[in-house]
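*Asks:* Have a look; sequence and predicted model below, questions after that.
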Amino acid sequence: MPSQHFSTHFTGHQKVIDECLASLQPTADAACEAIISCLGRGGKILAFGNGGSATQASHLVEELIGRFKETRRPLPAISLVGDSGVVTCIANDFGYGALFARQVEGLATMGDAVIGITTSGKSENVLRGLKAGKDKGATTIALCGKQGLQGFDADHVIAVPSDNGAYIQEVHLMLLHVWCIAVDATIKSGGL
C-alpha cells in the first residue's frame, strides 16, 4: 500500500513539473529579476501566506537573511507571519482579513517586493496584503495554483498548473529555491 501512494504522488508531481517547465519559466524569471532588482536598489522583501504557505514565506526569508547554499551577507527580508503579538493584535482588532495588509502598510516602501503565497488564489488576507503593497509602490509577486489570483492582479503571478494543494506547495518551494540560487549567483558575480 505505501509503495502505491509513493508512486502515485511522485508520478502526479512529475506531471505538474513537466507542465511547469513548459509554461512557467518566463513568469518565474520575471519575478526573480524583480526580486534581484529590488535587493539591488536597497529594497526589502516582505513575504506572507497562510498555513503551509506561511511556512514557505518564512523559509524564503530565512534563506535570504541567513544563507541558502553559501555564506554571504544577509539580505533584507521580513516574514509577516511570525510575530505572534502582531498577528493576534491585528486579527483581534481589525479582523483576520487585514492581517497582512496592515503590516504591509506599516513596513513597505516604494521599491520593495511584496510576495504573497496562496495555493487557492483567493485568500482574502493575502489578496489584501498584495493590494496594500501595490498601493505603497512595491512590486507585487503572487504564487498560487491553477486558478490564478481571484480578485486582484499582482505585477507577477506564478500560477502552478494544478488544483492539488500538495503539488502547488511543492512547486512553490522549488521556485523559492530557484530564486535563492539566482540571488546568490548575482551576488557572487558582483551584481548585488
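*Replies:* The structure has been received and is ready for your questions.
*Asks:* what's around residue 45, how many residues?
*Replies:* Taking other C-beta atoms under 10 Å as the criterion, the count of residues near residue 45 is 26. To be clear about C-beta, it is placed using only N, CA and C from the backbone, and glycine gets the same treatment.
*Asks:* isn't residue 56 right up against residue 49?
*Replies:* Yes - contact status for residue 56 versus residue 49: in contact at 6.3 Å, counting by C-beta atoms under 8 Å.
*Asks:* Need the overlap of contacts for those two.
*Replies:* Common contacts of residue 56 and residue 49, defined by C-beta atoms under 8 Å, 6 or more residues apart in numbering, comprise residue 117.
*Asks:* With neighbour numbers in mind, choose between these two.
*Replies:* residue 49 (30 against 24).
*Asks:* can you list the weak-confidence ranges in this protein?
*Replies:* Residue ranges of the chain with pLDDT under 70: 1.
*Asks:* how about 80 then?
*Replies:* 1-2 (pLDDT under 80).
*Asks:* just so I have it, where are all the helices in it?
*Replies:* With helices called from DSSP state H, the chain shows them at 2-23, 25-40, 52-65, 84-94, 99-107, 124-135, 165-188.
*Asks:* can you tell which of these is closest to residue 113?
*Replies:* Ranking the helices of the chain by proximity to residue 113 (C-beta to C-beta) places helix 25-40 first, at 4.1 Å.
*Asks:* Can you check what angle separates that closest one from helix 2-23?
*Replies:* Per axes from the mean of the first three to the mean of the last three C-alpha atoms, to 10 degrees, the angle that helix 25-40 makes with helix 2-23 is 80 degrees.
*Asks:* Helix 25-40 vs helix 52-65, what angle?
*Replies:* Using the same axes, to 10 degrees: helix 25-40 against helix 52-65 is 50 degrees.
*Asks:* Give the other helices and strands that helix 25-40 contacts.
*Replies:* The helices and strands touching helix 25-40, judged by 3 or more C-beta pairs under 8 Å, 6 or more residues apart in numbering; DSSP states H and E, are strand 45-49, strand 113-117, strand 139-144, strand 156-159, helix 165-188.
*Asks:* could you redo the last one with a cut-off of 7 Å?
*Replies:* strand 113-117, strand 139-144, strand 156-159, helix 165-188 (3 or more C-beta pairs under 7 Å, 6 or more residues apart in numbering; DSSP states H and E).
*Asks:* tell me the most buried of those?
*Replies:* strand 113-117 (a mean of 30; mean count of other C-beta atoms under 10 Å).
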